[in-house]
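Student: Build me a model from this:
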Amino acid sequence: MPHSISLINTIAAGLGLALVLGFLAAKLRLPALVGYLVAGVIIGPFTPGFVADAGIASQLAEIGVMLLMFGVGLHFSLADLLSVRKIALPGAVVQMAVATLMGMGLALWWGWGVGAALVFGVSLSVASTVVLLRALESLGILDSFTGRIAVGWLVVEDLAMVLVLVLLPPLAGFFGSQGADEDLDSIWRALGFTLMQVGGFVALMLIVGRRVFPWLLWQVTRTGSRELFTLCVVAAAVSIAFAAAAIFGVSFALGAFFAGMVLRESEFSHRAAEESLPLRDAFAVLFFVSVGMLFNPIVLVERPLQVLAVVAIIILGKSAAAAALVVAMRYPLNTALTVSASLAQIGEFSFILVGLGASLGLLPPEGTSLVLAGALISIALNPVLFKAIHPLQEWLRKNSDFARRLEARDDPLAELPVTTHEKYLSRQVVLVGYGRVGRRIAEALEERHLPYVVAEQNRDIVERLRAQGIPAVFGDAADPAVLIQAHIARAGMLVIATPDTLDVRQMIGIARTLNPSIQTVIRTHSEEEAGLLEKEIAGKVFLGEEELALSMTRYVLEHSKVAGVARAPA
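Tutor: Residues are numbered from 1 along each chain as shown. Model (predicted):
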């Protein structure tokens, strides 16, 4: 029996205390992750009693990040990433720049140097992917278009942070760090080399990985061993992430994300996601525990106003900047609020950056404490912000003329063209969402010459559909104006094919207010949610994805005649 069992101590203490405090938090109607964070503070080095091994906890948390990002990649295709590039890429870059400037201004006001201010500002600009994913999964909107925007936004932020971490050491000399390389050529070489590494990794995964890894998973599946299948999935996630970091200089999180994306090409991707779920959840808990271990509560006593200012930038400043950007790009209010809540926290990359800044002599010790305090508080409050989205959206629509004008602005995609044929305006199917499921339903309706109108939040999809001659309306279908533009008052059926179930009841309520006899077909991923929806709104509810698409299509086609949907001439 070895004398040193710090790994076992850390896992046992972390998971055990997280269970107890997470349970108490749930009983108090607080997010369970608040309990996980407090568990980390209790077993951390800044509180009396047992102290867990922070180094081991940090490595366990990295495994959790890998597995979680791998799971996201299994549900997130390259097409999904490219579909949100027009908003995620400029949005992430501008939002990071705005947040960095706010953080720098605050640090310069405190009397810090330019280098310290820059590191501090950038550390406040990037959100935690782990926190975001947990929030989106708990709300059931990870696969929705809004969820894809949020994930794509953070992927861009992660890529930007990879460049920052590589460029900071050669840049440190310009900001007064002792012993740093001030040669401008070295900076350009570092930038070029990093871009080549990232590009090489992405190309290798998309060209080679998309063929090799699905084939490997198929070979393991043929053995019939569930243990080998699970081992293959976990080994692929961790090994590819490690190789990405060791060979290409890419972060563990991004490496695991792309590993999941290439394995998604396999027909067993859903099983892979399901098999790795228990491990992902367990290690995600350890991530939050490790964050709590880094936090020194004394900073709340010694620097309360500074902590408050940092939290304000993270929760209010970043959120306001993100919401303004999304609205400026003419996306719905719900999308703006969801993206802004997604970014109202900081996490793993912030910790790495402040650690590097401190080692280079750029960031003062109080800077690290303030960033960690901001991370802990913002992570604890993030679930509350997500819960406030719907009531805030309703309040803004009812009480703010400006919000109503934003949603009713002159947008050619927000209403059907005047040339729309009459067959699409009466007894048609109103199809909310044109993702993987909605597209299958639309194809089946097209084959049988049944008229339908699409309501979709992705502007690119709406433009493409209209170019193909398919009537489509851009906007959030929870907004009455969108359903009215889709002529819901005279429709035969409303089909909600988006996985976002937050506004389903509102969509159904609007539809039945305008058209009491309309039939409703609803998509959901939760059996509990399905039961509640069937009881409350008496609509037809479907679960799953592939099975969901086939079943919903069959049901729509069988009941179109009953609903009075008119058949268009061939």
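Student: Which of the helices or strands spans residue 111?
Tutor: Residue 111 is part of no helix or strand when elements are defined by DSSP states H and E.
Student: and it, how many residues sit next to it?
Tutor: 8 (other C-beta atoms under 10 Å). C-beta: built from backbone N, CA, C; applies to glycine.
Student: same deal with residue 451?
Tutor: By the criterion of other C-beta under 10 Å, residue 451 has 23 neighbours.
Student: buried sites along the longest helix along the chain?
Tutor: Criterion DSSP state H: the longest helix present in the chain is helix 145-171. For helix 145-171, the neighbour count (16 or more other C-beta atoms under 10 Å) marks 145-162, 164-171 as buried.
Student: which SSE is the residue nearest to residue 376 when sequence neighbours are not counted in?
Tutor: Closest residue to residue 376 apart from its sequence neighbours, by C-beta to C-beta, 6 or more residues apart in numbering: residue 295 at 4.8 Å. Under the criterion DSSP H and E, no helix or strand holds residue 295.
Student: what residues are up against residue 295?
Tutor: Residue 295 makes contact with 37, 40, 41, 44, 46, 372, 373, 375, 376 under the criterion C-beta atoms under 8 Å, 6 or more residues apart in numbering.
Student: Out of the residues you listed, which end up buried?
Tutor: Buried members of the contacts of residue 295, scored by 16+ other C-beta under 10 Å, are 37, 40, 41, 44, 372, 373, 375, 376.
Student: Hmm, the fourth one is touching residue 52, no?
Tutor: The reference is to residue 44. Yes: contact criterion C-beta atoms under 8 Å: residue 44 and residue 52 qualify, at 7.4 Å.
Student: Overlap of the contact sets of those two?
Tutor: By C-beta under 8 Å, 6+ apart, residue 44 and residue 52 have these common neighbours: residue 293.
Student: hmm, back to that, go through the buried ones among the contacts of residue 295 and name the one nearest residue 84.
Tutor: The closest of those to residue 84 turns out to be residue 375 (C-beta to C-beta; 25.8 Å).
Student: pretty sure that closest one belongs to a helix, no?
Tutor: Yes: Residue 375 forms part of a helix when assessed by DSSP: H, G, I helix; E, B strand; the rest coil.
Student: For the residue lying closest to it once chain neighbours are set aside, give me the pLDDT.
Tutor: Nearest residue to residue 375 in three dimensions, chain neighbours excluded: residue 346, at 4.9 Å (C-beta to C-beta, 6+ apart). What the model reports for residue 346 is a pLDDT of 88.
Student: Assign residue 346 to helix, strand or coil.
Tutor: Once three-state DSSP is applied, residue 346 turns out coil.
Student: How many neighbouring residues does it have?
Tutor: Applying other C-beta under 10 Å, we find 28 residues neighbouring residue 346.
Student: ok, now residue 95?
Tutor: Residue crowding around residue 95 was assessed by other C-beta under 10 Å; the count is 28.
Student: that older thread, how far away is the residue nearest to residue 375 from residue 161?
Tutor: Residue 346 sits 11 Å away from residue 161, going by C-beta to C-beta, to the nearest Å.
Student: quick one: low-confidence ranges for the stretch 401-550 of the chain?
Tutor: Along the stretch 401-550 of the chain, segments meeting pLDDT under 70 span 404-411, 499-502, 525-539, 543-550.
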